[in-house]
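Engineer: Okay, predicted coordinates and the sequence, questions at the end:
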Amino acid sequence: MLISVDFNSETPIYEQLKEQIVMGIASGALKPGEQLPSIRQMAEDLGVNLHTINKAYNQLKADGILTVDRRKGAVVNALTGPATLQQKDEIRKKLKPILARAICFGLSKNEIEDLCNDLYHEITGGNHE
């Protein structure tokens with residue numbers, strides 16, 4: 001999986017990195033048990049500070065998405081089953097302003113549902129029904 005950062009983006013680099021790793025896992029490009037580049041290697045490849053990569057990896061570790069081990073580095077965790085109430089609440093909080101924005105732009109409920117379905121199939125390739 002190729003990871004890149006946009007240095008001109010308003011989104012912090014560690015957030016871009018987290019989003020791309022999560023997208024890679026959701027799409028199947030990154031498999032459970034797969035080892036990510038070391039913090040040092042990722043920082044060198046992307047031309048960013050070690051602390052930026054460390055922050056992204058540690059936040060993904062806190063979310064249960066990665067396991068970070070001194071010997072093995074960062075490893076993709078297997079999905080453990082249904083989302084917890086806490087995880088669902090976090091997703092709800094993040095989706096709410098996006099949904100409100102869509103409504104402000106005049107999207108109907110059906111258009112929003114279609115958009116969500118399209119994105120879901122785009123990310124998963126239709127593999128996760």
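Structural biologist: Happy to help now that I have it. Numbering: from 1, shown residues only.

Engineer: drop to CA atoms for contacts and neighbour counts, all remaining ones
Structural biologist: OK.

Engineer: where do the strands sit along this structure?
Structural biologist: Using DSSP state E, the strands assigned to the chain run over residues 66-69, 73-76.

Engineer: The lowest-mean-pLDDT helix or strand in the chain pairs with which strands?
Structural biologist: Of all helical and strand segments in the chain, the minimum by mean pLDDT, DSSP states H and E falls on strand 66-69, at a mean of 91. Using DSSP bridges, strand 66-69 pairs in its sheet with strand 73-76 (antiparallel).

Engineer: Which positions within the strand it pairs with qualify as buried?
Structural biologist: 74-76 (16 or more other CA atoms under 10 Å).

Engineer: Show the low-confidence segments of this protein, by residue range.
Structural biologist: 1, 80, 126-129 (pLDDT under 70).

Engineer: if we can go back for a sec, buried sites along the least confident helix or strand of the chain?
Structural biologist: 66-68.

Engineer: for stretch 115-129, same thing?
Structural biologist: 120, 123-124.

Engineer: Leaving out sequence neighbours, find the closest residue to Met23.
Structural biologist: Ile123 (7.2 Å; CA to CA, 6 or more residues apart in numbering).

Engineer: and if you look at Ile13?
Structural biologist: That would be Val5: by CA to CA, 6+ apart, it lies 6.4 Å from Ile13.

Engineer: contacting residues around the one you found?
Structural biologist: The neighbours of Val5, taking CA atoms under 8 Å, 6 or more residues apart in numbering as the test, are 13, 16-17, 46.
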